[in-house]
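S.K.: How does the following fold in three dimensions:
(chains A and B)
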Amino acid sequence: MSEMSKDKMDAYWSETQRLMFIIMALWVFFSFVVHMFALQLNNIVILGFPLGFYMAAQGSLIAFVVLCFWNASAQNKIDEKYGVAED
Amino acid sequence: MATKTEGSTFIDNLGKIYGYYTGGFLGFTILLAILEQLGVPNKVIGYAFVFLTIGVYALIGWLSRTAQLSEYYVAGRRVPAFYNGMATGADWMSAASFISMAGGLYLQGYDGLAYVLGWTGGYVLVASLFAPYLRKFGQFTVPDFLGVRYEGNLARVCGVIVLFSASFTYIVAQTFGIGIIASRFLGISFEIAVFVGLVGILVCSMLGGMRAVTWTQVAQYIILIIAYLTPIVWLSTKKYGIPIPELTYGQALQDIAALESKLGIVKGHVAAFADAKGQFSWDRFVNYFALILCLMVGTASLPHILMRYFTTPSVREARQSVGWSIFFIFLLYFTAPAYAAFAKLEVYSNVIGQPIAQLPAWVQNWSQVGGMLTINDANKDGILQLAELRIHQDIIVLSTPEIAGLPYVISGLVAAGGLAAALSTADGLLLAIANALSHDIYYKMIDRTASTTKRLVVARALLVIVAICGAAVASTRPSGIIQMVAWAFSLAAAGLFVPVVMGIWWKRTTTTAAIIGMMAGFVICLYYLIMTRYFPEAFEAMWGAKLWFGIQNISAAIFGLPVGFALTWILSYYTKAPSDEMQAFVDSIRRPKGAIAWTKAAEVHE
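M.R.: Residues are numbered from 1 along each chain as shown, chains lettered A, B, ... in the order given. Prediction:
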């Protein structure tokens, strides 16, 4: 703890937590919420794919990949901002 | 190949080495294709694929042998994010993903997508909640973390119990899968094939531990993804002229819908949460989401996956590597529904309604393999009706090369891919179990003075013992691979998720609360699994229903998780807050920079 004041650590952690909650909210959306409307979304058809089916087969998966990479880069920025990134 | 022993040169040249390797494998496949045209029998081609690939894994395993602890347990923590992602992909995708998943989608349509979602979305939890913090913690195993955070061997032992139950259930399923593939393509009996597979598993992991498993898993990923994509890309090109099956199967879905109404099928392929009559069913709806949740949380709790993130050089790379992991997994998972759609279209348009004497060649071939495809002309009219055809879910991926009219060499390629998928997962699991026993139980609890040499001997001996036990159980043919795999996820989710996530994200979590919460969640999940699976009458007599809230037992963690969370949370308030020393430790794993503030009780020696 010596190299970092408590205030700074708290600020760093609350920003990290905020990012975590945003990621978790998007995760809940793409894992559960969007699929609860699969019946309604299936009425929309794009390139042959009913949208409800598409979201479960591809759409949410793409969102998960993007979320993981975005989480990594956003957290790196927070680390650098507070000077806690590894040397 | 002296580069292997001089680690840094090897790491610098990874791209080149695996580039040559991929080229070599493609060249080998083309060579076999030419030999096939020249009249070499199919059996020889099957043997060539199985033995050559296992030989390559064995070679990598031998070159990666090591006598250093950190190499054996965490591959020297030098695995770059990109390659760790590939290794995790192979570690993750088992015979169930490779062979059975597309078949499940074929049979269940939309409802089968719960597996596709559940087995990918968990990585968001790994990325955000776990991986960077466990990497910063920087020891060898998941029970290590529990032992330090919850001050003592009780938490460590509980962790090992959960890890062992989940991973052992999983490894039995994998060994079973390896036995099936080996017996089919080598033409030997299942019981012998299981032990041939065992040798295949051990040659990868025995000498080099995590280091060997890492570099074979990268090699196995390359083979399994080539094997999975080749037949379906070919089929897509043949049918629609575009080599991107993930795009073209939309057209196939439309064609299927048209055929469904023609054939009078009421439960459509894309219909969500529909029962057998095609009506919306609450039961399907609830079970769909329960399964997704359990598989996702289970993903984030399986020790053989979490321990892969101990191997990256830094916290930053650990985060990046979760992104690469899910990307490499995504490549296979978003293709699986295309397999299902193309197979269904083929069956509906060229098999159903045809005279049984004139069915396509692939149907005839598979109907001769016991139980995989059965035709029963119930009304004796010589025409095949939908209800007269039964297809086993494991043949969808395996039969696609024949549906597409591809040469046998592609079938051999698919077999090699399935074997790579099963071996790589079995190796990761085996290492997770053996490491927990040798490091957490033997070294941390029985003999703290053991020398490095002795620790490695014990680790290897346990590896062999666990592998033999797994193969012995698998050779008794316990029923239902998919079910066993899903059980493993529920057990891990109910037992490990709560203590790890709360240990990192809530400093107030106390030792007593965490241990009670963890074991309560785990025991409830185990109770539900065992009772509903093996003692359904006793369960019904006690609870007045076959299932709690109609939830299938593959989603058993849905009951364990809330109990675990609630108990840990409430009991933490009624027990003494963790010491300042412990709080400082938690702070230190939250920051990527700086040393870990070990508590005195932790007794960590690197």
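S.K.: phi, psi of the closest residue in space to residue B:579 that isn't next to it in sequence?
M.R.: Distances taken as CB to CB, 6 or more residues apart in numbering or on different chains place residue B:599 nearest to residue B:579, at 7.5 Å, with adjacent residues excluded. Heads up, the C-betas are built off the backbone N, CA and C, glycines and all. Note on residue B:599: its backbone torsions stand at phi -80, psi 160 [degrees, to the nearest 10].
S.K.: burial of residue B:599, as a residue count?
M.R.: When neighbours are defined as other CB atoms under 10 Å in any protein chain shown, residue B:599 has 18 of them.
S.K.: separation between the residue of chain A found nearest chain B and residue B:186?
M.R.: Closest contact between chain A and chain B, by CB to the nearest CB, is at residue A:48 (2.9 Å). Relative to residue B:186, residue A:48 is positioned 41 Å away (CB to CB, to the nearest Å).
S.K.: Can you tell me the element the spatially most central residue of chain A falls in?
M.R.: Per CA atoms, centre = their mean, the C-alpha nearest to the average position across chain A is that of residue A:23, at 3.0 Å. Under DSSP states H and E, the secondary-structure element containing residue A:23 is helix A:6-28.
S.K.: what mean pLDDT does that helix have?
M.R.: Taken as a whole, helix A:6-28 has an average pLDDT of 94.
S.K.: Would you mark the buried spots in the next helix or strand after it?
M.R.: Note on helix A:6-28: by DSSP H and E, the next helix or strand toward the C-terminus is helix A:34-36. Judged by neighbour count (16 or more other CB atoms under 10 Å in any protein chain shown), helix A:34-36 contains these buried residues: A:34-35.
S.K.: where do the strands sit along the stretch 451-600 of chain B?
M.R.: In the stretch 451-600 of chain B, no strands are found when defined by DSSP state E, counting those that start in this stretch.
S.K.: Name the nearest residue to residue A:19, ignoring sequence neighbours.
M.R.: Residue A:19 sits nearest to residue A:74 (CB to CB, 6+ apart), 5.5 Å away.
S.K.: Give me the neighbour count for that neighbour.
M.R.: 16.
S.K.: cool, residue B:524 as well?
M.R.: The burial count assigned to residue B:524 is 19, neighbours taken as other CB under 10 Å.
S.K.: residue contacts, the closest residue to it other than its chain neighbours?
M.R.: Closest residue to residue B:524 in three dimensions, ignoring its sequence neighbours and counting by CB to CB, 6+ apart: residue B:560, at 4.7 Å. Contacts here follow CB atoms under 8 Å, 6 or more residues apart in numbering or on different chains; on that basis residue B:560 touches B:490, B:493-495, B:520-525, B:528.
S.K.: Of those, just the buried ones, PyMOL syntax please.
M.R.: Only the buried members of the contacts of residue B:560 end up in this PyMOL selection, burial being decided by 16+ other CB under 10 Å:
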select buried, chain B and resi 490+493+494+495+520+521+522+524+525+528
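S.K.: need the contacts of residue B:560 in a markdown table with pLDDT, can you?
M.R.: Formatted as a markdown table, the contacts of residue B:560 follow (pLDDT from 0 to 100):
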| residue | pLDDT |
| --- | --- |
| B:490 | 94 |
| B:493 | 96 |
| B:494 | 95 |
| B:495 | 94 |
| B:520 | 96 |
| B:521 | 96 |
| B:522 | 96 |
| B:523 | 96 |
| B:524 | 96 |
| B:525 | 95 |
| B:528 | 94 |
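S.K.: where does the residue nearest to residue A:19 fall, phi/psi-wise?
M.R.: Summarising the backbone geometry of residue A:74 under the convention degrees, to the nearest 10, its torsions are phi -70, psi -40.
S.K.: for the one 10 residues further on, same thing?
M.R.: Recorded main-chain torsions at residue A:84 are phi -110, psi 10, according to degrees, to the nearest 10.
S.K.: Which residues does the helix holding residue A:23 contact?
M.R.: A:1, A:4, A:63-64, A:67, A:70-71, A:74-75, A:78, A:81-82, A:84, B:121, B:124-125, B:127-129, B:505, B:587, B:590-591.
S.K.: among these, which ones are buried?
M.R.: Neighbour counting by 16+ other CB under 10 Å classes A:4, A:63-64, A:67, A:70-71, A:74-75, A:78, A:82, A:84, B:121, B:124-125, B:127-129, B:505, B:587, B:590-591 among these as buried.
S.K.: Disregarding flanking residues, what is the spatial nearest neighbour of residue B:170?
M.R.: residue B:488 (3.8 Å).
S.K.: likewise residue B:573?
M.R.: Excluding the flanking residues, the one nearest residue B:573 by CB to CB, 6+ apart is residue B:508, at 7.6 Å.
S.K.: check contacts around the one you found.
M.R.: If you count contacts by CB under 8 Å, 6+ apart, residue B:508 has them with B:572-573, B:577-578.
S.K.: Looking at the residues you listed, which one is closest to chain A?
M.R.: Here the nearest of those to chain A, counting by CB to the nearest CB, is residue B:578; it sits at 15.3 Å.
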